[in-house]
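**Student:** A predicted structure for the sequence below; I have some questions about it.
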Amino acid sequence: MIKFLIKGLLRDSHRSRLPLIVVALGVMLTVLLTTWINGVLGDSINMNAKLSTGHVKVITKAYRESMDQIPVDLSLTGTQEILSELRRDYPSVSWVERIEFGGLLDLPDSAGETKSQGPFAGLAVNFFDSRSGEAERLNLNKILIEGQLPRGPGEILVSHTFAKKLGISLLDKVTFIGSTMFGGMTISNYTVSGTISYGISALDRGSVIMDISDARKALDMEDACNEILGFNDIDYYDDAKATELMTSFNNNHQADNNEFAPVMIRLRDQNDLGGMIDLMDGVVGIISFVFILVLSVVLWNAGLVGGLRRYGEVGLRLAMGEEKGHVYRSMIAESLFIGISGSIIGSAAGLALSYLLQQKGLDLSGAMQNATMLMPGVFRTRITTEAYYIGFIPGILATLIGTMLSGIGIYRRQTARLFKELQLQ
Amino acid sequence: MNNSEIINVKDLTKRFPMGLSEFTALSGINLTFSKGEFSGVVGPSGSGKTTLLNIIGLLDNPSDGDAIILGNSSKDLSPGKAALMRRRHMGFIFQTYNLLPVYTVFENTEFPLLLLKMTSGEREKAVHEALEWVGLTDKIKSRPAQLSGGECQRVAIARAMVKHPEIVLADEPTANLDADNSHHILKTMEKLNNELKTTFIFATHDDKVISYLKRKITLIDGKVSHDETVKQ
């Protein structure tokens, strides 16, 4: 009987091809949308993590209160001790020191007078210790436009747009004017070894990257930094792991009421990223729900049209002694067959498109030149494990629900009317 | 009920709701049918022929009275048991053939046997036998769209007969056929009635069908007005 029904299903294109196309398209869109959102939001979150927030971050309690202003005077001190503790207690996490600071960059002329000058946001990272992985994390080799990465003390990178604006050329000597951790004025000279472009206008307008040892000297921050960033061994933010880590660290330091005591915060607690993470977590469920709903309505209608077309067949089968339940179950089995087949085809197509977009990406940097948010210019999908099965949820459920709804007519139908209906055809 | 009696309709009344009142389609019908009868319920449109066939075919229940089919009272049969009775003991022939368009002649004829869960070998043998009865062994792989109206009705007869049912109910089986085809299929059914002793009950007002009947039951306004044996 199953073979007989499948034969009919395959031969009747109205029963198989149309629903199969609808399911495959719906599933393909579900997969593509899921990988797209995971990719775009995940990239944005990851970019924020690498550039600024880490997956977790250790700062002082006082720094936390006015973090937006990047107050170097509220930085962590005794960072080697804190780092040792972190590396001992949480060895699976990569811990790196960073100093974020601000100041003026001055380009002097041959007489030493100011030729041009502009404010900048500075980031000091550990360039010279390859174990820190900072150059790779910040993707510096890829975003380098001219010159080379700093190879020794006194060399810095300047954002390309900023360099052009100030008229800075490679190997020019520039002067940093700012204030130390203790509020004193500091003036230091550096050589521009290269220019970089993040592709993010907010950063490209005026940023400087230097080695943390240079920043420490300039800012009078020996054994100090304003942030210690922690990165998971996996390359994406895991909110549950970050929360666990934060709770553990903060519990250990609960008794320390000093405003300069270290405290850990998560990525989600910074830069309004919590909303984006919640959106990413919820979005797969929302997409599935919407597609189940839309596909169910479409397939319900397709089922109704098919049901009307098959009214004679169903009536005949009932008249010949097939039980209503059996007819209903066979229709559901058919829909299951369509749902699974459509889901396989749709998932394969969705994954293929996602793979293409993951590899090639969609370059929208031109449209984002004035963006102030940390967003990547090239949008990519991200194929996660859930992309392999997420399409099956709407694909199968919608087909089943659609068939169940349209098939209810079988139970409402009075057997006595069959003979008459069959005559009237 | 004697041994040869397979259908016994007793004081049967059927009423249908019509607005606030009721319409009486059948009233006080008493009939018996014996094994091997070739009989017909005749009468003008609206006389209650199809309603009577529905009740005998266990597709509907009487409002009053009873229809005892092969020893089973229609009042005591659940929908599931009624379906089982139809599956095992009854064949239906419709005015519009009602063949499944995506299946071949063989598969259409095979369908009732699938419901009986017969083995593939048994099904193949029975289908070939049934198609031989109606002379369609050369069209075994054809689809209904490739057949003439007469051939389609012959497939419908093969489908009704393939499981060797005790009763075949045929509602206006010749209504869509020309005279030649009508005579052809009626002769086929007459031959099967003679050879297999299957009971045929027709609902018809077609004179061609009536001319083949051995027993003619005339219904007028839901009541039996004549019940006569016309051939031996």
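**Tutor:** The structure has been received and is ready for your questions.
**Student:** going forward, measure contacts between C-alpha atoms and count neighbours the same way
**Tutor:** Will do.
**Student:** run through the bridge partners of A:Thr195.
**Tutor:** With DSSP bridges as the criterion, A:Thr195 is bridged to A:Glu146, A:Val158.
**Student:** correct me if wrong: it contacts A:Ile145.
**Tutor:** Yes - here A:Thr195 reaches A:Ile145: they are 5.5 Å apart, a contact under C-alpha atoms under 8 Å.
**Student:** who has more neighbours out of those two?
**Tutor:** The neighbour comparison of A:Thr195 against A:Ile145 (other C-alpha atoms under 10 Å in any protein chain shown) goes to A:Thr195, with 26 against 15.
**Student:** quick one, what contacts the residue nearest the centre of chain B?
**Tutor:** Per C-alpha atoms, centre = their mean, the C-alpha nearest to the average position across chain B is that of B:Leu169, at 1.0 Å. Contacts for B:Leu169 (C-alpha atoms under 8 Å, 6 or more residues apart in numbering or on different chains) come out as B:53, B:57, B:90-93, B:200-203.
**Student:** these: which two are farthest apart?
**Tutor:** The most widely separated members of the contacts of B:Leu169, counting by C-alpha to C-alpha, are B:Met90 and B:Ala203 (15.3 Å).
**Student:** what's the burial count for the residue in chain A positioned nearest to chain B?
**Tutor:** Chain A approaches chain B most closely through A:Gly321 (4.1 Å), counting by C-alpha to the nearest C-alpha. By other C-alpha under 10 Å, the residues close to A:Gly321 number 26.
**Student:** what do A:Thr195 and A:Ile145 both touch?
**Tutor:** A:His160.
**Student:** is the host helix or strand of A:Gly39 anywhere near chain B?
**Tutor:** Per DSSP states H and E: A:Gly39 is located in helix A:13-48. No - applying C-alpha under 8 Å from any C-alpha of the partner chain, one finds helix A:13-48 separated from chain B by no less than 9.8 Å.
**Student:** and that helix, what other elements does it pack with?
**Tutor:** When contacts are defined as 3 or more C-alpha pairs under 8 Å, 6 or more residues apart in numbering or on different chains; DSSP states H and E, helix A:13-48 sits against helix A:2-11, helix A:273-309, helix A:324-360, helix A:386-389, helix A:392-412.
**Student:** would you mind giving the ones you listed as JSON lines with mean neighbour count added?
**Tutor:** Shown next, in JSON lines, are the helices and strands packed on helix A:13-48 (neighbours: other C-alpha atoms under 10 Å in any protein chain shown):
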{"stretch": "helix A:2-11", "mean neighbour count": "14"}
{"stretch": "helix A:273-309", "mean neighbour count": "18"}
{"stretch": "helix A:324-360", "mean neighbour count": "20"}
{"stretch": "helix A:386-389", "mean neighbour count": "16"}
{"stretch": "helix A:392-412", "mean neighbour count": "21"}
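**Student:** could the ones you listed be laid out in CSV, adding distance to chain B?
**Tutor:** Putting the helices and strands packed on helix A:13-48 into CSV (distance: least, C-alpha to the nearest C-alpha, whole Å) gives the following:
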stretch, distance to chain B
helix A:2-11, 6
helix A:273-309, 11
helix A:324-360, 9
helix A:386-389, 34
helix A:392-412, 12
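**Student:** how about low-confidence regions in chain B?
**Tutor:** Chain B contains residues with pLDDT under 70 at B:1-3, B:231-232.
**Student:** point out the residues in it that sit beside chain A.
**Tutor:** Counting by C-alpha under 8 Å from any C-alpha, chain B sits next to chain A at B:50, B:54, B:59-60, B:80, B:82-88, B:90-92, B:94-96, B:98, B:100, B:102-103, B:112, B:114-115, B:171.
**Student:** just those residues: which are in strands?
**Tutor:** When DSSP state E defines the strands, the subset of these inside them is B:90-92, B:171.
**Student:** buried subset of the residues you listed?
**Tutor:** Among those, the ones that count as buried by 16 or more other C-alpha atoms under 10 Å in any protein chain shown are B:90-92, B:171.
**Student:** now residue 121: which helix or strand?
**Tutor:** As the question left the chain open, I've gone with chain A. Using DSSP H and E, A:Ala121 falls within strand A:114-125.
**Student:** ah, no, chain B please
**Tutor:** Element membership for B:Gly121 (DSSP H and E) is helix B:120-134.
**Student:** quick check: what element follows that helix along the chain?
**Tutor:** helix B:149-161.
**Student:** which residues does that next one contact?
**Tutor:** Contacts for helix B:149-161 (C-alpha under 8 Å, 6+ apart): B:90-94, B:97-99, B:105, B:108-112, B:127, B:130-131, B:133-134, B:136, B:144, B:168, B:173, B:176-177, B:181-182, B:185, B:189.
**Student:** rerun that using 6 Å as the cut-off
**Tutor:** Residues outside helix B:149-161 that contact it (C-alpha atoms under 6 Å, 6 or more residues apart in numbering or on different chains): B:91-92, B:97, B:109, B:130-131, B:134, B:181.
**Student:** how about the CA coordinates for it, as CSV?
**Tutor:** Extracted in CSV, the C-alpha atoms of helix B:149-161 (Å, rounded to 0.1, in the frame of the first residue of the first chain):
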residue,chain,number,x,y,z
GLY,B,149,-15.6,5.9,-21.8
GLY,B,150,-16.7,2.2,-22.3
GLU,B,151,-13.2,1.0,-21.5
CYS,B,152,-13.1,3.1,-18.4
GLN,B,153,-16.4,1.6,-17.2
ARG,B,154,-15.1,-1.9,-17.9
VAL,B,155,-12.1,-1.1,-15.7
ALA,B,156,-14.5,0.1,-13.0
ILE,B,157,-16.4,-3.3,-13.3
ALA,B,158,-13.1,-5.2,-13.1
ARG,B,159,-12.2,-3.1,-10.0
ALA,B,160,-15.6,-3.9,-8.4
MET,B,161,-15.4,-7.6,-9.2
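**Student:** now the helix or strand hosting B:Phe23: buried residues?
**Tutor:** In this structure, B:Phe23 is located in strand B:21-34 according to DSSP H and E. Using 16+ other C-alpha under 10 Å as the test for burial, strand B:21-34 gives B:24-30, B:33-34.
**Student:** now it: how far from the chain's centre is it?
**Tutor:** Mean C-alpha position of strand B:21-34 versus that of the full chain (C-alpha atoms, centre = their mean, to the nearest Å) differs by 18 Å.
**Student:** check which helix or strand B:Ile217 maps to.
**Tutor:** Using DSSP H and E, B:Ile217 maps to strand B:215-220.
**Student:** check which element follows that strand along the chain.
**Tutor:** Strand B:215-220 is succeeded, C-terminally, by strand B:223-229 (DSSP H and E).
**Student:** give me the packing partners of that following strand, helices and strands only.
**Tutor:** Using 3 or more C-alpha pairs under 6 Å, 6 or more residues apart in numbering or on different chains; DSSP states H and E, the elements in contact with strand B:223-229 are strand B:215-220.
**Student:** ok, residues contacting the strand it packs on?
**Tutor:** Residues from elsewhere that reach strand B:215-220 (C-alpha under 6 Å, 6+ apart): B:39-43, B:47, B:224-230.
**Student:** the same query, at a cut-off of 7 Å, please.
**Tutor:** Contacting residues not belonging to strand B:215-220 are listed as B:38-43, B:47-48, B:224-231 [C-alpha atoms under 7 Å, 6 or more residues apart in numbering or on different chains].
**Student:** tell me the buried residues in the longest helix anywhere in chain B?
**Tutor:** Using DSSP state H to assign secondary structure, the helix with the most residues in chain B is helix B:179-196. By neighbour count with 16+ other C-alpha under 10 Å, helix B:179-196 contains the buried residues B:181-183, B:185-186, B:188-190, B:192-193.
**Student:** just want the angle from that helix to helix B:149-161.
**Tutor:** Angle of helix B:179-196 versus helix B:149-161, following axes from the mean of the first three to the mean of the last three C-alpha atoms, to 10 degrees, is 20 degrees.
**Student:** now helix B:179-196: how far from the chain's centre is it?
**Tutor:** Offset of helix B:179-196 from its chain centre (C-alpha atoms, centre = their mean): 14 Å.
**Student:** alright, that wraps it up for me.
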